[in-house]
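Student: output the structure for:
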Amino acid sequence: MTATSFCRSNLFVKVLFVSMLISSCREKEGPDRLVVQQQADAKMDELLRELTKNWQFPNIQEARSSGSTQQPWPAWQNFLRELSQAPALRIDNFREKAILLTRLSYEAEFQLPYSYQKPAMKARMSALRTRVTMLNQYLRLNPLPIKEIKETIQEINAEIGSIVSEANEWEVKQRIPVEEGESDMRQMKDTTRAIPSISKPLR
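Tutor: Presented below is the predicted three-dimensional model:
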């Protein structure tokens, strides 16, 4: 055997040995990776079940029977409807739901009925939008910060309650009858309706 043939044969043996070693490592890693993936999937399923269990917004029912739904405010009604429907048990469904809720919260805030365009109501709508945006951001993290998500869900429910209270308060004020003479006083305060004074001509 020539030196060249010997080198080629030796190189072939080395390549074959390395290939067998790599193949053996991959076969060994295969089951390990599968176990790790199964554990990760089981953990995600557990988190999603916990999230579904806590996807509760009891103030939605009160909102549907309050003054906030008596006004022509379709964006608010759409937001409540989507929020009341828990996503199916997949992380992608929760993330898609959060994106939709974020958009609807923006629409509800910026399509506020004229009668509700008061500083207090605007502040509450802004706070709600902020909470929904936070929920959207938390659902994009891996692993899911379930504690923070549960707290944010509770805060969203609380913000809905405050919006309902504000709307109901406004509706109550609208139903209070105007006292006798109060309407005339309001008109007198309005300079555009006040009776003009007539100066007497100089003699």
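Student: shaky segments in this protein?
Tutor: Low-confidence segments of the chain (pLDDT under 70): 1-31, 67-71, 177-203.
Student: all helices of it, in order?
Tutor: In the chain, the segments counted as helices under DSSP state H are 3-54, 59-64, 74-84, 91-110, 119-138, 146-175, 182-189.
Student: mind putting the ones you listed into a markdown table with mean neighbour count?
Tutor: Bear in mind the C-beta positions are built from the backbone N, C-alpha and C, glycine included. Shown next, in a markdown table, are those (neighbours: other Cβ atoms under 10 Å):
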| stretch | mean neighbour count |
| --- | --- |
| helix 3-54 | 11 |
| helix 59-64 | 17 |
| helix 74-84 | 18 |
| helix 91-110 | 17 |
| helix 119-138 | 18 |
| helix 146-175 | 17 |
| helix 182-189 | 10 |
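Student: can you report phi and psi for L89?
Tutor: Listed backbone geometry of L89 is phi -80, psi 60, with angles given as degrees, to the nearest 10.
Student: who's in contact with it?
Tutor: Under the criterion of Cβ atoms under 8 Å, 6 or more residues apart in numbering, the neighbours of L89 are D45, L48, R49, T52.
Student: how about the nearest residue to the second one, chain neighbours excluded?
Tutor: Yep, that's L48 we're talking about. L89 (5.2 Å; Cβ to Cβ, 6 or more residues apart in numbering).
Student: repeat that for E109.
Tutor: The spatial neighbour of E109 that comes closest, neighbours along the chain excluded (Cβ to Cβ, 6+ apart), is M125 at 4.2 Å.
Student: and the contacts of stretch 109-116?
Tutor: With Cβ under 8 Å, 6+ apart as the test, stretch 109-116 has contacts from 68, 71-76, 121-122, 125-126, 128-129, 166-167, 170, 174.
Student: change it to 6 Å
Tutor: Contacting residues not belonging to stretch 109-116 are listed as Q71, W73, A75, M125, R129 [Cβ atoms under 6 Å, 6 or more residues apart in numbering].
Student: again, but for stretch 120-138
Tutor: With Cβ under 6 Å, 6+ apart as the test, stretch 120-138 has contacts from 98, 101-102, 105, 109, 145, 148-149, 152, 155-156, 159, 162-163, 166.
Student: farthest pair within those residues?
Tutor: Using Cβ to Cβ, the contacts of stretch 120-138 reach their maximum pairwise distance at P145 and E166, which is 30.3 Å.
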